[in-house]
Each structure stands twice: as structure tokens, then as C-alpha cells.
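Participant: Here you go, sequence then predicted model.
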Amino acid sequence: LSITEFAIPNDFKLEVTTLCEMITGANLLSEVWDCTCLDMFYDKRCRDTYRAIKEMYENREKIDFMTISTRIDKAFFTHELITNSAYVINAFELRAHCSALVEIMQKRKFYFFCAEGLRMSVQPTTTEGELFEQSEQLKKSLQEGSLMDSTELLDDVVEKVADHIQNNDFKRIATGFPSLDRLTYGGLAAGNLVILAARPSVGKTAFMLQMASTSAEKQIPTLVLSLEMTNVDLAKRLLCSTEYVNSYQMASGEMDWQNFERAKAVLAKKTLYMDEKPSTIEDVCALITKNHHRGQCEIAFVDYLQLMSSTEKAESQNIQVGEMTKRLKKLAKALKIPIVLLCQLNRRVASENRAPQLYDLRDSGSIEQDADIVIFLYRDEYYNEDTDSPGECEVIIAKQRSGPTGTIKVAWLSKLTKFADSIGPVSVADF
């Protein structure tokens, strides 16, 4: 059975009737204009007529059958509009007819998306990520086409804020570092895109896994997507982050198996999900969406940005990276979850031997624009052998859309491949 065996949803008679009502009831257009759009109309002649009405309405010109006749197809005007206008019973039904056309428009969108989905499903080269992307585009298209009035009075929005506070809807997810949680007002918020950036080997992945382990320990479904490491490698890192196993034992094979079992038991209590499959931004978005709908993702970690590609070609690497961060920000907002995205820094940070700045984010300035929070990791011993602060790491909040920027210091425990929160003053740069 082919989808082409079904007629494309449309109602020519209703389109003509609605256009006649728009013309005869032009004085009502201001009350119903928010319920209209070009895609309500399927027939090309009806679309052209709506364009003419729209142009005249926006230019505050007089709209009637005489003035409209000079702007549209003569045969359509004579045989359809004039003929049907005699049967218009009540021009005040315009809003109801517009709503009916919007409903048909939504069915039409669904029809075309299903046709495209059917075509994609039989193509051998179509990936799972592309199919999920198609379904998400359908959902977004139907939501945007609903034409529901989204304008709200400030007083009503403030009431919603009060409800959110009373229901604890502003609850954040702790990072595992109390000093960092204080700077972020309790942790990572739903809808936020968080950038975690550093030079290679400074500890981005270890820091990420520690945050992920903390949320999973609190029974918050946590998803880790790695484009760099396998699930086995990630599991090794997590085992080493416990107090029972260290990286030397893991690498040499000289394992105390009783301690290994203790470490394994610790990790078994965590609601942590891992996937090593993604390679494109489409895969990443599809996996986050799918796992969220399954109840397996209330916070997502992606390692890392520069390893991602896209099925859509861009003019430059900068533009492509910018499109990726925009999509992840939109996804975080749509699913109402925080997404932590790891990112590399430019080489000049190492050559200039200094703490990173926002302009050091590699490949695109839009990373900074799209992010709600930007966190840098800086270990002076990575650059200076004679450092005065061995085993110390600066965690720098360089940007926070809804909070202060500042720096905290944590300890780097190399044998355990993990960080430890240091008790001490928090340096706030911009409160």
C-alpha cells in the first residue's frame, strides 16, 4: 500500500468560502488574523488570493470584491469567488472556517512527512538518526503550525513563576562539587546548554564522568554519549573514580578482585546509561530524544563537540559547529533537561601559558552565544613543571546567563583520575 494512493488532504470549497468571508467580512479580519496563514490554502489560486488580501490588509487598503478583482486570476474570480459569494450565509463564521482549514493544513503536513518517511525507510543508506530527526521535525512542524495564541500577560506569567517555586520546578541537578553548585545556585538547570572546555589531557572527560556519576547516584537518569571513547573505556574510568580501584591496577592487570567487586557494586547503584554509537549531530539529538522518552535521560553529557559531524553540509567548519550548538540548545529547551557538551580550546592557550578565555573556544564564536554556562578547566602543572600549585585545578565559570561568573579550586587526584572539591573561598568575578 502506497501513501500516494490517498488524496492529499484539502477542501477547495472551504478555501473558497473562507476567502469570500474574508472579503465580505473584511472589518472582522483584525479579530481573526492571528488564526490565518498562507499554508491554510492548498489550491494555488486560493493561495494567490490570500496573498493579495494579506498585502491589502497590512497596507490598510480597502478590501472588497471590486478591489480584489484587479489582483488575482480573472477566471478564478469570476467562476469561483463571485459565484460562491452569493451562498455565504454568515461572514461571522470566519474564525471557525479558519480553524477548520488549519486542521486540514496539519493533516496535509502529516501526509507529506509520512510520504518522506516512507521514502527514507526504504533507502538503504538511511540511518536511525535520520529517521528520528525526521520524526522530531514533524513534531516541531505540527507544533509551530498550530497557530495557538502564545502571547501571555506578564501578570499571568508571574503567577506561573509562583507555581513553579511552590512545586519546586526550579530544582537543579547537583554537579558533585559543592563549591561549583554554590556558584550555579544549586547545580545545572533544565533547558541549559553547558559547555565544559579545556585543552586535551587536562581532565574534561574525568570531570564530566564525575558530574554524571553524581547525578546517576541520586537516581537521576543520566545519559553519556561519547564520540571519543568506547563504553568499556568509560566504565574503566568510572571504576577508577571509586576508592577501590586505581588507574595503575586497571592498566597493569594487577587487580585486587575483591576491591573490583566493591567498585562494581558502587556503580551498579547508579542510573547511568552510555552509548558509543553516535558520530553525527543527528545521531546525538536522536539518541538524547529517544532515551528521554524512555525515561533514561534527565541530563545528557556529550563528549565532544569537535568530533561530531553533520549530514548537512555547511560553508565552513565555523558555521557547522555553530549549527550544532544551536540544535543542542534547542533540544535542551524542548526536552527541559540540561545538556553538558565538552569542547576543545585553541592551541594558543597552551602556547601563551595562561588561563583560558571565552575567545579561546575552538571553531566558532556561536558556542559562547548559544551556551547558558561556559566552564573552563585549567591546571597550571599541565603547562609548568615548576608550578607553585601541583595537583590543583581551577574551575572557571567564564559565562553564566542567570548567575555570577567566578573561579573555584579543586584537587586533581591523578592516580584515581578524578577531582576532589576543595573547601575554601570562592572567587566571584561578577556577582
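Facilitator: Arrived safely, thanks for sending. Residues are numbered from 1 along each chain as shown.
Participant: Every contact and neighbour count from this point should use C-alpha atoms.
Facilitator: Fine.
Participant: in the stretch 51-200 of the chain, what spans have low per-residue confidence?
Facilitator: Segments of the stretch 51-200 of the chain classed as low confidence (criterion: pLDDT under 70) are 84-92, 138-157, 160, 164-170.
Participant: would you list every one of the helices in it?
Facilitator: Listed in chain order, the helices of the stretch 51-200 of the chain (DSSP state H, counting those that start in this stretch) span 65-69, 74-76, 83-85, 94-121, 128-144, 154-166, 178-183.
Participant: and A300, which of those helices is closest to it?
Facilitator: When the helices of the stretch 51-200 of the chain are ranked by distance to A300, counting by CA to CA, first place goes to helix 128-144 at 16.7 Å.
Participant: what bridges to V194?
Facilitator: Bridge pairing for V194 (DSSP bridges) gives the partners V340, I373.
Participant: residues of stretch 13-30 that come out buried?
Facilitator: Taking 16 or more other CA atoms under 10 Å as the neighbour-count basis, stretch 13-30 is seen to contain the buried residues 15-26, 28-29.
Participant: Columns distance to P200 on top of the helices of the stretch 51-200 of the chain, output as TSV?
Facilitator: Shown next, in TSV, are those (distance: least, CA to CA, whole Å):
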stretch	distance to P200
helix 65-69	66
helix 74-76	67
helix 83-85	71
helix 94-121	39
helix 128-144	28
helix 154-166	40
helix 178-183	22
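Participant: Next, count neighbours for M120.
Facilitator: Taking other CA atoms under 10 Å as the neighbour definition, M120 ends up with a count of 16.
Participant: re earlier: tell me which of the helices of the stretch 51-200 of the chain lies nearest to C46.
Facilitator: Ranking the helices of the stretch 51-200 of the chain by their distance to C46 (criterion: CA to CA) puts helix 74-76 first, at 8.8 Å.
Participant: tell me what that closest one is packed against?
Facilitator: With contacts defined as 3 or more CA pairs under 8 Å, 6 or more residues apart in numbering; DSSP states H and E, helix 74-76 has no packing partner among the helices and strands.
Participant: Can we start the residue count at 35 from this point?
Facilitator: Okay, residue one is now 35; in that scheme the one you just asked about reads as helix 108-110.
Participant: Distance from the chain centre to that helix, please.
Facilitator: 47 Å (CA atoms, centre = their mean, to the nearest Å).
Participant: How about stretch 80-87?
Facilitator: Taking the mean C-alpha point of stretch 80-87 and that of its whole chain, the gap between them comes to 36 Å (CA atoms, centre = their mean).
Participant: before we move on, back to that, now, which of the buried residues of stretch 47-64 lie within strands?
Facilitator: For the buried residues of stretch 47-64, not one is inside strands, with DSSP state E as the criterion.
Participant: Tell me how many other residues surround the nearest residue to A223 once chain neighbours are set aside.
Facilitator: Take A223 and drop its neighbours on the chain: the residue closest to it by CA to CA, 6 or more residues apart in numbering is R206, 4.8 Å away. R206 has 17 neighbouring residues, counting by other CA under 10 Å.
Participant: isn't R206 right up against N226?
Facilitator: No. The pair R206 and N226 fails to qualify as a contact (CA atoms under 8 Å) at a distance of 10.5 Å.
Participant: overlap in contacts of those two?
Facilitator: Overlap between the neighbourhoods of R206 and N226 is empty, taking contacts as CA atoms under 8 Å, 6 or more residues apart in numbering.
Participant: contacting residues around stretch 234-245?
Facilitator: Contacts for stretch 234-245 (CA under 8 Å, 6+ apart): 208-210, 230-232, 271-272, 275, 335, 337, 376, 378, 411-413, 416, 451-453.
Participant: which residue ranges form the strands in the stretch 335-465 of the chain?
Facilitator: Using DSSP state E, counting those that start in this stretch, the strands assigned to the stretch 335-465 of the chain run over residues 373-378, 407-412, 426-434, 439-447, 452-455, 461-464.
Participant: Need those strands in TSV (columns: mean pLDDT).
Facilitator: Formatted as TSV, the entries for the strands of the stretch 335-465 of the chain read as follows, by pLDDT from 0 to 100:
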stretch	mean pLDDT
strand 373-378	93
strand 407-412	94
strand 426-434	93
strand 439-447	91
strand 452-455	86
strand 461-464	46
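Participant: quick one: S169 and A269, what's the gap?
Facilitator: From S169 across to A269, the span is 32 Å (CA to CA, to the nearest Å).
Participant: let me fix that: K449
Facilitator: In terms of CA to CA, K449 sits 16 Å off from A269.
Participant: before we move on, what about N280?
Facilitator: Taken as CA to CA, the span from N280 to A269 is 13 Å.
Participant: Turn the strands of the stretch 335-465 of the chain into a markdown table, including mean neighbour count.
Facilitator: Rendered in a markdown table, the data for these read as follows (neighbours: other CA atoms under 10 Å):
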| stretch | mean neighbour count |
| --- | --- |
| strand 373-378 | 24 |
| strand 407-412 | 24 |
| strand 426-434 | 21 |
| strand 439-447 | 20 |
| strand 452-455 | 18 |
| strand 461-464 | 13 |
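Participant: residues in contact with the nearest residue to Y91 once chain neighbours are set aside?
Facilitator: Once its chain neighbours are removed from consideration, Y91 has its nearest residue in I97; the separation is 7.4 Å (CA to CA, 6+ apart). For I97, the contacting residues are 57, 60, 87, 90-91, by CA under 8 Å, 6+ apart.
Participant: Might you list the low-confidence residue ranges for the stretch 335-465 of the chain?
Facilitator: Per-residue confidence of the stretch 335-465 of the chain (counting by pLDDT under 70) places the weak regions at 384, 396-399, 456-465.
Participant: Could you double-check that Q354 sits in contact with A348?
Facilitator: Yes. The pair formed by Q354 and A348 meets the contact definition of CA under 8 Å, at 5.4 Å.
Participant: which of those two has more neighbours?
Facilitator: Comparing Q354 with A348 by other CA under 10 Å, the one with more neighbours is Q354, at 19 against 12.
Participant: Enumerate every residue touching that one.
Facilitator: Applying CA under 8 Å, 6+ apart to Q354 gives the contacts 344, 347-348.
Participant: same thing but 7 Å
Facilitator: For Q354, the contacting residues are A348, by CA atoms under 7 Å, 6 or more residues apart in numbering.
Participant: Same question for L272.
Facilitator: With contact taken as CA under 7 Å, 6+ apart, L272 is in contact with L243.
Participant: hmm, try it at 8 Å
Facilitator: Residues near L272 by CA under 8 Å, 6+ apart: 243, 247, 301.
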